[in-house]
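Enquirer: got a sequence here, can you model it:
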Amino acid sequence: MAESDVFERRLRMALVRHVDGGPTDFDAISFAQAVAAKEPRRHGLGVVLGWRGFAIPRLAWALLLLGLLLVAMVGGALIVGSQPVRKLAAMPPAFVCPPGSTPDEPGPVDQARPEDPRTAAFDRRAGRLVVLADIFPGGGIKGVETWTFDVCSNTWTQMHPDQQPPTSGYQLVYDVDSDVTILISWGQVWVYDLQADSWTQKAGPQTGATLWAYDPRSGLVVAAHDDAEMDVLGYAVETDTWTPTPIHQTNPPAASGPRSLTYDASVDRIIAYDWAGLGMSLTSLFDIRTGTWSSSGVQTPFVIAGFGMSVPVTEYDEAAARTVVFGNDRMALYDATADRWETLDATSIEPPDGWPDSMVYDSVNERLIGCKWLPLYERKVDVIALDLVTREWTVLLEKQ
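Expert: Below you'll find the model as predicted:
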């Protein structure tokens, strides 16, 4: 992908995040100055305008950005009154890798690592993946272990909490405003505090919810029971309470197979990927604010679930503004703003040494990170990353 395309995508996403999560009055001058100070001045638009050979003066760079922002505002792209104002929950300060970090270089090959990393969530405050791994002493699953993966040094650390959940379950969710990682599995709720290295069991939902995602606007974990009614609940970890979100729902999609959920910030909706089997899949969108379900108007790609999973895993990539569905030989990208799907497979973006079974978004390095599970064949790579903006893979850890 051209350098100018990458810059323009990242600038667009920065503007969207700033307007969505920032103050009602958008200060274009301050934003342009901040971007000009941060972004390289031999980057992006400088290439387009033929200024590759020398650096653009900072004042000129800021004025150029400001001009583009004002053009966009006149065109209605950034006028706050032209779109619903979103009030997000308070986000923690962005984690930054310490000086000397090498996030794009593979970690030490001889380091200890989990045997079978099953479920993961990204702790935005710590800059680490929190991972539950199955253990197989003497054959058969005998329990789980808790590990973390540092995305700045690409190193694993085994944690030693006083107790562990009984199973790795299906999916972990990081609750940003509460700064804890939550596991909902078989009617049980477990909460992990990384700073305290402790798991605590909480109250399980009475409906036996099996699907979940984090809603940054309400600060709740949104969970649903995978049945014909598709009832949606909100979980507040601070009070350990479950409530309907909202009480009345309209047009719930009929159950035709297992589902997976994720929150898509580009449209402020929960995206439900319905894996109906027999080569069929469906896409539904849930408006958390009004309780209204709607269906995608385009055909949904069929993605086969990865090894050990009953349904493909979904994740939202903030940098690319896409909901991503992962399978064992491909991934599908959903642009919810345009109601458009794109399928990536070996013919378009083949990963090194096979596809990961699932991936988690790394907000520090703005990429997806995938761990290889128990392989059916010998692999040389354990952890890989994908930048959806550049469509480039990076090996983060090779197999021992």
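Enquirer: S284 touches D264, doesn't it?
Expert: No - under the criterion of CB atoms under 8 Å, S284 makes no contact with D264, lying 11.8 Å away. The C-beta positions use only the backbone N, C-alpha and C, and glycine is treated the same way.
Enquirer: which residues do those two both contact?
Expert: Taking CB atoms under 8 Å, 6 or more residues apart in numbering as the criterion, S284 and D264 both touch I271.
Enquirer: by mean pLDDT, which helix or strand of this protein comes out lowest?
Expert: Within the chain, confidence by mean pLDDT, DSSP states H and E is lowest for helix 45-48 among all helices and strands, at a mean of 39.
Enquirer: and S198, bridged to which residues?
Expert: Note on S198: beta-bridge partners by DSSP bridges are D193.
Enquirer: quick one: it and G143, what's the gap?
Expert: As judged by CB to CB, to the nearest Å, S198 and G143 stand 17 Å apart.
Enquirer: distance of the closest residue to I304 other than its chain neighbours relative to A265?
Expert: Among residues not flanking I304 along the chain, G327 sits closest, at 4.7 Å (CB to CB, 6 or more residues apart in numbering). Distance of G327 to A265, computed by CB to CB: 23 Å.
Enquirer: who's more crowded, the two?
Expert: Applying other CB atoms under 10 Å to G327 and A265 shows that G327 carries more neighbours, namely 23 against 20.
Enquirer: for the stretch 51-200 of the chain, which segments are assigned as helices?
Expert: 58-74 (DSSP state H, counting those that start in this stretch).
Enquirer: remind me which residues of it are low pLDDT?
Expert: For the stretch 51-200 of the chain, the stretches flagged by pLDDT under 70 are 51-93, 136-141, 168-170, 186.
Enquirer: quick one: the strands in it?
Expert: 116-123, 128-135, 143-150, 155-158, 172-175, 180-185, 188-193, 198-202 (DSSP state E, counting those that start in this stretch).
Enquirer: save the ones you listed as CSV, and put in distance to Y273 too.
Expert: Listed next are those as CSV, based on distance: least, CB to CB, whole Å:
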stretch, distance to Y273
strand 116-123, 17
strand 128-135, 22
strand 143-150, 25
strand 155-158, 29
strand 172-175, 16
strand 180-185, 18
strand 188-193, 23
strand 198-202, 27
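Enquirer: relative to Q400, which of those is closest?
Expert: strand 155-158 (11.5 Å; CB to CB).
Enquirer: D274 in helix, strand or coil?
Expert: In three-state terms, and counting by DSSP: H, G, I helix; E, B strand; the rest coil, D274 is strand.
Enquirer: tell me how far it lies from F286.
Expert: On the measure of CB to CB, D274 and F286 end up 12 Å apart.
Enquirer: higher neighbour count, these two?
Expert: For D274 and F286, the more surrounded residue by other CB under 10 Å is F286, and the numbers stand at 26 against 22.
Enquirer: doesn't V232 make contact with the more buried one?
Expert: Yes - F286 is in contact with V232 according to CB under 8 Å; the separation is 6.5 Å.
Enquirer: give me the common contacts of those two.
Expert: Overlap of the contact sets of F286 and V232 (by CB under 8 Å, 6+ apart) consists of I270.
Enquirer: next one: D240 from D177, what distance?
Expert: 15 Å.
Enquirer: between those two, which has more neighbouring residues?
Expert: Neighbour count, other CB under 10 Å: between D240 and D177, D177 has more, with 17 against 12.
Enquirer: hmm, that one is touching S218, no?
Expert: No - here D177 does not reach S218: they are 9.5 Å apart, not a contact under CB under 8 Å.
Enquirer: need the residues that contact stretch 194-202.
Expert: 123, 126, 128, 130, 146, 148, 159-165, 179-181, 188-193, 237, 240.
Enquirer: any of these buried? List them.
Expert: 123, 126, 128, 130, 146, 148, 159, 161, 164-165, 179-181, 188-192, 237 (16 or more other CB atoms under 10 Å).
Enquirer: do you know the pLDDT at the residue lying closest to V303 once chain neighbours are set aside?
Expert: Take V303 and drop its neighbours on the chain: the residue closest to it by CB to CB, 6+ apart is G327, 3.7 Å away. G327 is assigned a predicted lDDT (pLDDT) of 80.
Enquirer: V35 now?
Expert: 54.
Enquirer: same check on M331?
Expert: Taking M331 on its own, its pLDDT is 89.
Enquirer: got phi/psi on it?
Expert: phi -140, psi 150 (degrees, to the nearest 10).
Enquirer: you'd agree T119 is up against I184?
Expert: No - with contact defined as CB under 8 Å, T119 does not count as touching I184 (10.8 Å).
Enquirer: so how many other residues sit close to I271?
Expert: 23.
Enquirer: so which helix or strand takes in it?
Expert: In this structure, I271 sits in strand 269-277 according to DSSP states H and E.
Enquirer: in that strand, what's buried?
Expert: 269-275.
Enquirer: and for stretch 96-111?
Expert: For stretch 96-111, using 16+ other CB under 10 Å, the buried residues are 101, 103, 106-107.
Enquirer: equivalent analysis for stretch 391-400, please.
Expert: Those would be 393-398, for stretch 391-400 by 16+ other CB under 10 Å.
Enquirer: try stretch 333-348
Expert: For stretch 333-348, by 16+ other CB under 10 Å, it's 333-336, 341, 343-344.
Enquirer: could you export these as TSV, including secondary structure and distance to N154?
Expert: Below are those laid out as TSV (DSSP: H, G, I helix; E, B strand; the rest coil; distance: CB to CB, whole Å):
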residue	secondary structure	distance to N154
L333	strand	25
Y334	strand	29
D335	strand	30
A336	coil	31
W341	strand	31
T343	strand	29
L344	strand	24
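Enquirer: what's the farthest-apart pair in the residues you listed?
Expert: Most distant of the buried residues of stretch 333-348, by CB to CB, are A336 and L344, 17.1 Å apart.
Enquirer: break the chain into its domains for me.
Expert: Segmentation of the chain into domains, based on automatic domain parsing, reads 3-82, 116-398.
Enquirer: no further queries at this time; thank you.
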